[in-house]
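> mind looking at a prediction? Sequence and model below.
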Amino acid sequence: MSVETGTPDAGTLVVGASAAGLACGSELQRLGQPFEIVEAGEAVAGAWRNHYDRLHLHTPKSTSALPGLAMPGKWDRYPARDQVVDYLERYQQHFNLRPHFGERVSRVEPLGTTWSITTSERVWRSQNVVIATGRTRVPVRPTWPGMEDFHGDVLHSSDYRNGDPWKGRTVLVVGFGNSACEQALDLVERGAFAHLSVRAAVNVVPRDLFGIPIVHLTMVMQHLPSRVADALSWPLLRISVGDVRDRGLRKLPYGPITEVAKYGRVPVLDIGTMEKITAGAITVHGGIERFTATGVTFVDGSYLAVDAVVLATGYRAAVDEFLVGADQVCDGSGTPLRSGQPSGLEGLYFCGMYVSPAGVLREIGIEARRIAREIAQRGAQGAERASKRVTGAA
């Protein structure tokens, strides 16, 4: 389709119509700020629609609602994937948000005091840009020697839906994040023989502690120095999770609060995987050395014949693929250095890019409110400066 050359005045252009983009839209609307939302897909919540079937929120609904609309009280404590999609559709309708669907952004560029945003449909001009495309925009797909000779299936966790295709077969999941652990658990529950390849040391925390969501404890602990919070939580984690080294895993030299605060990584929220590892239903291996035609060889020299390999190896925000000047506001992987606040480039904001120990949806709500206030204040200051110029000219 041809690209229109007009430059609609968007006030603020929000890129992305999942949780972060919708929350920013509702908050800008509340403050009377003009905005438009563009979305590459054909519906809201595109990322959520494509997640694996078994996925549930790892944070309770009570702390996961976006600004202005609670999740239904009749839902379970941890809403399922389809319920989150339903909630985001309700959110769009509740605030009458009207994203421009099918507009994939290819370039975001500062243009004097404004921004030029090129999509598959047109070129927008706006005073502000909010990039709300998330930290999981581009899957990371590592390679190993011999991979091209492997006769089985190799897929990224973003392509995994459920374990039914591998019932009675052997599957190796690479990684030990929340997706890896839940997909390994799903494979076992659907009759596959699940294995995990874990290269790095880990932290594991229970999703619930004595019936209370661990996120509630985390929300209190995050106000303490990381080392203090980790020291206070350590006895509780030993009681609830035990020593991960007893399951063939290596323990990180720091605790889960430090892992989030200092390194921007979320510890594993265990929902049953550790129990399956203890029972021998999931086998833990080290890192992969190479692939063969029928399986993989690990760095310790051991070998496993497998029918499929699931790469739960993470994602990149990859903002640098379309943002001109990304090197000024992002790290080497294209992940923004600041989220929910001025980015360092005037008029540019990111939402939903910060890993929070209290949960991403709760953090998105906090960031959306802050961004909308910043944009409203910036607009008021600009109007005041313009008024002074007019008065001075008179």
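Received the coordinates, thanks. The structure presented is a predicted model; accordingly, all values stated were derived computationally and were not measured. Numbers count the residues shown, from 1 in each chain.
> mind listing the helices for the protein?
With DSSP state H, the ranges of helices along the chain come out as 19-30, 46-49, 81-94, 178-189, 214-221, 226-240, 256-263, 273-279, 360-393.
> walk me through the domains of the protein.
With domains defined by automatic domain parsing, the chain comprises 12-137+315-393, 151-311.
> now these as TSV including mean pLDDT?
Putting the domains of the chain into TSV (pLDDT from 0 to 100) gives the following:
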stretch	mean pLDDT
domain 12-137+315-393	94
domain 151-311	93
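> nearest to residue 143, out of these?
domain 151-311 (9.1 Å; Cβ to Cβ). In short, each C-beta sits where N, CA and C put it, glycine included.
> so how far is the closest one off the chain centroid?
Relative to its chain's centre, domain 151-311 lies at 17 Å (Cα atoms, centre = their mean, to the nearest Å).
> same question for stretch 355-364.
Between the centre of stretch 355-364 and the centre of its chain there are 10 Å (Cα atoms, centre = their mean).
> circling back: dump the domains of the chain into TSV; add mean neighbour count as well.
TSV is the format used below for the domains of the chain (neighbours: other Cβ atoms under 10 Å):
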stretch	mean neighbour count
domain 12-137+315-393	19
domain 151-311	18
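> just give the nearest non-adjacent residue to residue 219, would you?
Counting by Cβ to Cβ, 6 or more residues apart in numbering, residue 219 lies nearest to residue 358, which is 4.7 Å off, once chain neighbours are set aside.
> quick check: that neighbour touching residue 62?
No - assessed by Cβ atoms under 8 Å, residue 358 is found out of contact with residue 62, at 11.7 Å.
> can you give me the strands in the stretch 201-350 of the chain?
204-206, 208-209, 212-213, 268-270, 282-285, 288-291, 295-298, 303-305, 308-311, 315-316, 348-350 (DSSP state E, counting those that start in this stretch).
> redo those as CSV? Include distance to residue 160.
Formatted as CSV, the strands of the stretch 201-350 of the chain follow (distance: least, Cβ to Cβ, whole Å):
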stretch, distance to residue 160
strand 204-206, 21
strand 208-209, 25
strand 212-213, 26
strand 268-270, 17
strand 282-285, 16
strand 288-291, 18
strand 295-298, 18
strand 303-305, 19
strand 308-311, 6
strand 315-316, 14
strand 348-350, 28
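> closest to residue 99 out of those strands?
Nearest to residue 99, of all these, is strand 348-350, at 17.4 Å by Cβ to Cβ.
> quick one: list the elements packing against the closest one.
strand 128-131, helix 360-393 (3 or more Cβ pairs under 8 Å, 6 or more residues apart in numbering; DSSP states H and E).
> which of the ones you listed sits closest to residue 77?
helix 360-393 (14.0 Å).
> how far is the closest one from where the chain is centred?
The answer for helix 360-393 is 27 Å, by Cα atoms, centre = their mean.
> and the angle for it with helix 214-221?
50 degrees (axes from the mean of the first three to the mean of the last three Cα atoms, to 10 degrees).
> ok and helix 360-393 relative to helix 81-94, angle-wise?
Going by the same axes, to 10 degrees, helix 360-393 makes 30 degrees with helix 81-94.
> packing partners for helix 360-393?
Using 3+ Cβ pairs under 8 Å, 6+ apart, helix 360-393 sits against helix 19-30, strand 128-131, strand 348-350.
> please redo it, this time with the cut-off set to 7 Å
helix 19-30 (3 or more Cβ pairs under 7 Å, 6 or more residues apart in numbering; DSSP states H and E).
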